[in-house]
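**Student:** give me a model of this one.
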Amino acid sequence: MSSTLSPIAATFNVAIGGAFGAALRYQTGRALTGWLGPAAMTAFPWATLAVNALGSVLMGLLAGWLAARGQGAGEQLRLLLGVGLLGGYTTFSAFSLEMVLLIERGQLTIAALYAFLSVALGITGLFAGLVLMRAAA
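**Tutor:** I've put the predicted structure just below:
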């Protein structure tokens, strides 16, 4: 098997993984609501915290496994499981991986800037989108 996937095969891997990841995220939220109750789920974003934490652990496991044993089908598994499944489950796992890589490379200033900008721009962007949509309504 070639280590380079065609763009269509790569996209298919991401799409299939993403569909399963999104479904798992939804089911995680449902399960936590059943376990903790609706009041707890509205008081604190437990589902998001859970998928972000679990997704980060899974991304670490996947990255470590691919680095050690991912020859051959590594790119396909990275796209299917890392970009697709974990990306659909939580994009925080990708952020966490990128942060760890920057820290491991000793790029602490860039890591701090990336963390700050990711949170600040994410929150600012969400507010901007809300303001724009509310103004248009």
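
**Student:** quick check, central residue of this protein?
**Tutor:** Geometric centre of the chain, nearest residue: T91, 2.1 Å, by Cα atoms, centre = their mean.

**Student:** from R69, how far off is that residue?
**Tutor:** 25 Å (Cβ to Cβ, to the nearest Å). Backbone N, C-alpha and C define where each C-beta goes, glycine included.

**Student:** for G87, identify the helix or strand it belongs to.
**Tutor:** G87 belongs to helix 87-89 when assigned by DSSP states H and E.

**Student:** output the contacting helices and strands for that helix.
**Tutor:** With contacts defined as 3 or more Cβ pairs under 8 Å, 6 or more residues apart in numbering; DSSP states H and E, helix 87-89 has these neighbours: helix 7-36, helix 46-69.

**Student:** what angle do the longest one and helix 46-69 make?
**Tutor:** Our comparison of helix 7-36 with helix 46-69, counting by axes from the mean of the first three to the mean of the last three Cα atoms, to 10 degrees, yields an angle of 140 degrees.
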